[in-house]
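Trainee: build me a model from this:
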Amino acid sequence: MHMLLLASPEGRGAQRQLEEQATAALQCTFSPSALYSIHCCSLQEMEERRRQLEEQGDSLSSAKPVAHLRAAVEALRTELGQMDVRVGVLQHLVARTM
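Mentor: The predicted model follows:
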């Protein structure tokens, strides 16, 4: 799943941002606690973006909406067939009474 995350534009952007923050942190003379704070914030942001991408990927690859659409189309076809039969019966009755 991590390879999929890095293959997406959002994943690459998050990775690039993390690398930039890491480089900036190394170039600055922060205290260890400040560096740890920056690292934790970066990890939290990356974890949140990873979770969002996983949710998006799950919704895109889920076949449930397609199955619902397929069932709805099948129900409409069945109903259309029944309506055709009813219209045919009514036409026959009207033609018979004339």
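Trainee: only C-alpha atoms for contact and neighbour calcs from this point on.
Mentor: Fine.
Trainee: name the helix or strand of the protein that has the lowest mean pLDDT.
Mentor: For the chain, the helix or strand with the lowest mean confidence is helix 2-7, at a mean of 51 (criterion: mean pLDDT, DSSP states H and E).
Trainee: C-terminal to that one, what's the next element?
Mentor: helix 9-27 (DSSP states H and E).
Trainee: off-centre distance for that next one?
Mentor: Offset of helix 9-27 from its chain centre (CA atoms, centre = their mean, to the nearest Å): 25 Å.
Trainee: that one packs against which elements?
Mentor: Using 3 or more CA pairs under 8 Å, 6 or more residues apart in numbering; DSSP states H and E as the contact criterion, the elements in contact with helix 9-27 are helix 2-7, helix 32-61.
Trainee: do that again at 6 Å, thanks
Mentor: Using 3 or more CA pairs under 6 Å, 6 or more residues apart in numbering; DSSP states H and E as the contact criterion, no helix or strand is in contact with helix 9-27.
Trainee: can you check the pLDDT for Arg70?
Mentor: On the pLDDT scale, Arg70 is placed at 91.
Trainee: element containing it?
Mentor: Under the criterion of DSSP H and E, Arg70 resides in helix 64-97.
Trainee: tell me what angle that helix forms with helix 32-61.
Mentor: 20 degrees (axes from the mean of the first three to the mean of the last three CA atoms, to 10 degrees).
Trainee: what's the closest non-adjacent residue to Ser42?
Mentor: Leu18 (6.3 Å; CA to CA, 6 or more residues apart in numbering).
Trainee: ok, the one you found to Arg86 distance?
Mentor: In this structure, Leu18 and Arg86 are separated by 66 Å, where distance is defined by CA to CA, to the nearest Å.
Trainee: in the helix holding Arg70, what's buried?
Mentor: By neighbour count with 16 or more other CA atoms under 10 Å, helix 64-97 contains no buried residues.
Trainee: so how far is that helix from its chain's centroid?
Mentor: Remark: helix 64-97 is offset 34 Å from the chain centroid, using CA atoms, centre = their mean.
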